[in-house]
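Undergrad: based on what follows, work out the 3D shape:
(4 chains)
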Protein chains: 2
Amino acid sequence: MAKVPTVYDVAERAGVSIATVSFAFRKPDKVKDSTRELVLAAARQLGYVPSASARGLAHGRTSALGLLAFDYLLEADETPLSTGEAVIVDDPDHPADFDPNANFRMFPLYVDEVQRGVELECWRQGYALMIGGRGQATTETVLADIAGRVDGLAVFPATVPADALQRIAWRIPVVELSEPDHDDQLSHVTVDNVAGMRAITEHLIAVHRLESLVFVGDTTGSDQQARFQGFRSALRAAGLRVPRKSLSGPGGVINNAAAVVTELRTRGPLPQGAVCATDQEALALMDALQAAGLTVPADMAVTGFDGIAAGMIARPPLTTVRQPMEQMGRAVVDILIDRIANPDGPRRNRQLPVRVVLRESCGCRP
Amino acid sequence: MAKVPTVYDVAERAGVSIATVSFAFRKPDKVKDSTRELVLAAARQLGYVPSASARGLAHGRTSALGLLAFDYLLEADETPLSTGEAVIVDDPDHPADFDPNANFRMFPLYVDEVQRGVELECWRQGYALMIGGRGQATTETVLADIAGRVDGLAVFPATVPADALQRIAWRIPVVELSEPDHDDQLSHVTVDNVAGMRAITEHLIAVHRLESLVFVGDTTGSDQQARFQGFRSALRAAGLRVPRKSLSGPGGVINNAAAVVTELRTRGPLPQGAVCATDQEALALMDALQAAGLTVPADMAVTGFDGIAAGMIARPPLTTVRQPMEQMGRAVVDILIDRIANPDGPRRNRQLPVRVVLRESCGCRP
DNA sequence: GTGAAAGCGCTAACAA
DNA sequence: TTGTTAGCGCTTTCAC
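TA: Model prediction:
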């Protein structure tokens, strides 16, 4: 790459001062038409591209927002680049990327859809988006790295240590997703997990007449906690037996669904339905159930929560509670931009509605 | 937001010079352990976050890559934020975001999956990713904006004017996706469209014994051009009649599939199969065919190209040629990083293999 | 309407 | 090992 042209080069070429060059770009009407043309032409000839770093430094803002993505499901296997020549048809060497079904189980997930909402809204509002996270080195480092580049930051839950986040929030507005307000500096975007889970559980009870239900899944996160609570409240309201705790195999349901199924069977008669904390856990459970020779929903109904795409292509298609993920992403940006414009205003929280999506895994017919 | 702490503040607090602060962060081993601790502690207390702008300016690189996303399918309707309270179940006011099927017709598409590959590889290699584009104001402006922030840039085909891209490429490495090398400054990542399309056409001919085939879809892009060519070459090799041009309704197939179906029917006997340039066009065609009372694949087989998710949940599931999208994204980053490290090296081109995915729309049984 | 000049916060020689 | 200092490229008063 040859030397990168700067304002100075443009100024020299156009025979004006650097201030004029700057004005020509930023305040076109503060410059005489003819000089502006002159400057723009010079810039064009030189291939001048303003440095965002310099601009950000001088101006004090970057006009970019940041998003820190998950660390939940880090891509363990660094899918190698395919080596082959440009060939076709059956290539069992690259199953992961070439098997759409396998691929679809991992993407798009909750994070991805929310991220998309963030992207769309950012662009709509003229912001660039800096994304970092998933699988990157030290979370703390990445955090600071991203935070240093943007005017506002969005983070997924449990992505970074709370105190680190606090520190950032002191500097720029931060929105945390799917995490209740814990009286910090952060703004929050959440959904009504309790009501969503209560509704889907009520459906199982009222429509499918199920009476013995279990809750399956990790309940560490506050989202999941709330879902468990919604489940229990529906059972309680219906006068049914309320399980005290969630079933969650050692190491989580997703990688240990078989163990969960075993536990389910050894406990006595199989429950009529399993309400899962997330779609991914529900899908893993369905797989394990079917691997054990059981049929969903005949032997046991299964429901999820989130509304990820994989639920649609599952057999049977998964009944679930869908979060308005794109909207959540948009809300995040909305809040961030508001907070940037209004740094001294109060932090904002926003709760969005969820929706029950009835498919077949609960016993509904297509 | 209170005053943002800088190196100076940290230095003062720690009783050292700013250089030491900088070193403590960047070259920890060039600083005595005790002073480093001191500095880090001071930084922590102050909530210091290094400014990426300043760093980028001083150091000459940003350690971020850029991706300029599509303008193809701009989201016409700026989905408004849902207004309601946190409620549940049936909310016909927000169909788009809440109807998973509708949603998955638009996401993830080709761009999205490639983008994901870019993200994963960026993070794996310790780069942040700046994304811009889709739906954003003037493409030229955005281009410069993004380009000014990053060390390397990836662009989707037909996203920006060639000359603008040239100018950027003179400054930082640029990789263009799905576009053949046209002897510019750019590097390229492509797939073997010709071979892929030839293979799927051969499948129709050899396995399903179809003899009258049409090609449907826009052939403006070079990707699509190559696919049409592959289609023709398969027909020619089989000694079948080779259509001279593609069928593409006014304004494209996607929004005008009904017109294409009408044309198909008025031309004489319905062809036995329609080979489409892209999955999206194939899906639109299938919809229109079914709306006209025809059955796929009985009345007419349909195939696509790309391997987007929507093809899997279509009825019947879409037979297609899948591009290794994640790999393409990873390859892009790979090239970019190589070119950054090696600015004077030659530009690089890379072609990846595609794969035929047989589902039901071609006549194959599940 | 245009130019001169003072930073913005950080890095990297070079000195000490 | 640490400090001094000169930029990095741009924005933005303030003069002219």
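
Undergrad: apart from its neighbours in sequence, what residue is nearest A:V333?
TA: With sequence-adjacent residues excluded and distances taken as CB to CB, 6 or more residues apart in numbering or on different chains, A:V333 is closest to A:E121, at 3.9 Å. (Each C-beta comes from the backbone N, C-alpha and C, glycine too.)

Undergrad: host element of the one you found?
TA: Per DSSP states H and E, A:E121 falls inside helix A:110-124.

Undergrad: look at the residue nearest to A:A147 when sequence neighbours are not counted and say how many residues are nearby.
TA: Nearest residue to A:A147 in three dimensions, chain neighbours excluded: A:I168, at 4.7 Å (CB to CB, 6+ apart). Neighbour count for A:I168, taken as other CB atoms under 10 Å in any protein chain shown: 26.

Undergrad: do the same with the one 10 residues further on
TA: For A:S178, the count of nearby residues is 21 (other CB under 10 Å).

Undergrad: quick one, phi psi at it?
TA: For A:S178, the backbone dihedrals (degrees, to the nearest 10) come out as phi 50, psi 40.

Undergrad: if I look at it, how far off is DNA strand C?
TA: 31 Å (CB to the nearest atom of the strand, to the nearest Å).

Undergrad: any idea how far DNA strand C is from the closest residue to DNA strand D within the stretch 101-250 of chain A?
TA: The nearest approach of the stretch 101-250 of chain A to DNA strand D comes at A:D151, 13.8 Å away (CB to the nearest atom of the strand). Taking CB to the nearest atom of the strand as the measure, A:D151 falls 14 Å from DNA strand C.

Undergrad: how about A:M106?
TA: 36 Å.

Undergrad: just the pLDDT at that residue, thanks.
TA: The pLDDT attached to A:M106 in the predicted structure is 88.

Undergrad: ok, A:E179 next?
TA: A:E179 carries a pLDDT value of 93.

Undergrad: next, count neighbours for the spatially closest residue to it that is not a sequence neighbour.
TA: The spatial neighbour of A:E179 that comes closest, neighbours along the chain excluded (CB to CB, 6+ apart), is A:P157 at 4.4 Å. A:P157 has 17 neighbouring residues, counting by other CB under 10 Å.

Undergrad: quick one, what contacts A:P157?
TA: A:176-179, A:221-223 (CB atoms under 8 Å, 6 or more residues apart in numbering or on different chains).

Undergrad: and if you look at A:Q290?
TA: Contacts of A:Q290 (CB under 8 Å, 6+ apart): A:V296.

Undergrad: for the stretch 1-150 of chain A, which segments count as strands?
TA: With strands called from DSSP state E, counting those that start in this stretch, the stretch 1-150 of chain A shows them at A:64-68, A:128-132.

Undergrad: which of these sits most buried?
TA: Ranked by mean neighbour count, those are led by strand A:64-68 with a mean of 28 (mean count of other CB atoms under 10 Å in any protein chain shown).

Undergrad: double-check that A:H182 belongs to a helix.
TA: No - under DSSP: H, G, I helix; E, B strand; the rest coil, A:H182 falls outside any helix and is assigned coil.

Undergrad: one step back: just the pLDDT for the residue nearest to A:E179.
TA: Value listed for A:P157 in the pLDDT field: 87.

Undergrad: for A:P180, see how far away it is.
TA: Going from A:P157 to A:P180 by CB to CB, to the nearest Å gives 10 Å.

Undergrad: do the same with A:T6
TA: With CB to CB as the criterion, A:T6 and A:P180 are 48 Å apart.

Undergrad: go on, A:Q224?
TA: In terms of CB to CB, A:Q224 sits 12 Å off from A:P180.

Undergrad: again, but for A:V174
TA: 15 Å.

Undergrad: next to DNA strand D, which bits of the stretch 1-150 of chain A? Give me the list.
TA: Applying CB under 7 Å from any atom of the strand, we find that the stretch 1-150 of chain A lies next to DNA strand D at A:4, A:6-8, A:18-19, A:21-23, A:25-26, A:48, A:50-51, A:54-55, A:57-59.

Undergrad: drop anything exposed from these.
TA: Buried members of those, scored by 16 or more other CB atoms under 10 Å in any protein chain shown, are A:6-7, A:21-23, A:25, A:48, A:50-51, A:54-55, A:57.

Undergrad: so between A:Q224 and A:P180, which is more surrounded?
TA: Neighbour count, other CB under 10 Å: between A:Q224 and A:P180, A:Q224 has more, with 23 against 16.

Undergrad: mind listing what the residue nearest to the more buried one when sequence neighbours are not counted touches?
TA: Computed as CB to CB, 6+ apart, the closest residue to A:Q224 that is not its neighbour in sequence is A:A277, at 4.4 Å. If you count contacts by CB under 8 Å, 6+ apart, A:A277 has them with A:215-219, A:224, A:227-228, A:246, A:305.

Undergrad: could you do A:R350 as well?
TA: Each residue near A:R350 by CB under 8 Å, 6+ apart is listed here: A:187-190, A:331, A:335.

Undergrad: list the beta-bridge partners for the residue nearest to A:A301 when sequence neighbours are not counted.
TA: Closest residue to A:A301 in three dimensions, ignoring its sequence neighbours and counting by CB to CB, 6+ apart: A:G273, at 3.9 Å. Per DSSP bridges, the residues bridged to A:G273 are A:L213, A:A301.

Undergrad: how many residues are close by A:G273?
TA: 25.

Undergrad: same check on the one 3 residues further on?
TA: Residues near A:C276, counting by other CB under 10 Å, number 31.

Undergrad: and the gap between it and A:P353?
TA: 21 Å.

Undergrad: again with A:P173
TA: Counting by CB to CB, the gap from A:P173 to A:P353 is 24 Å.

Undergrad: which one of these two is surrounded by more residues?
TA: A:P173 (28 against 23).

Undergrad: isn't that one right up against A:A341?
TA: No - using CB atoms under 8 Å, A:P173 is not in contact with A:A341; the gap is 9.8 Å.

Undergrad: what about the helices in the stretch 151-300 of chain A?
TA: Applying DSSP state H, counting those that start in this stretch to the stretch 151-300 of chain A gives helices spanning A:162-169, A:193-206, A:222-237, A:257-266, A:279-291.

Undergrad: looking at those, spot the one closest to DNA strand C.
TA: helix A:162-169 (13.5 Å).

Undergrad: now do the closest one: which elements does it pack against?
TA: helix A:139-147, strand A:174-177 (3 or more CB pairs under 8 Å, 6 or more residues apart in numbering or on different chains; DSSP states H and E).

Undergrad: list the contacts for A:L270?
TA: Applying CB under 8 Å, 6+ apart, the residues near A:L270 are A:264, A:294, A:299-300.

Undergrad: ranking those by neighbours, who comes first?
TA: In the contacts of A:L270, the most neighbours by other CB under 10 Å go to A:M300, 24 neighbours.

Undergrad: all strands for the stretch 251-366 of chain A, in order.
TA: Remark: strands assigned in the stretch 251-366 of chain A by DSSP E, counting those that start in this stretch are A:273-276, A:301-303, A:320-322, A:349-352, A:355-357.
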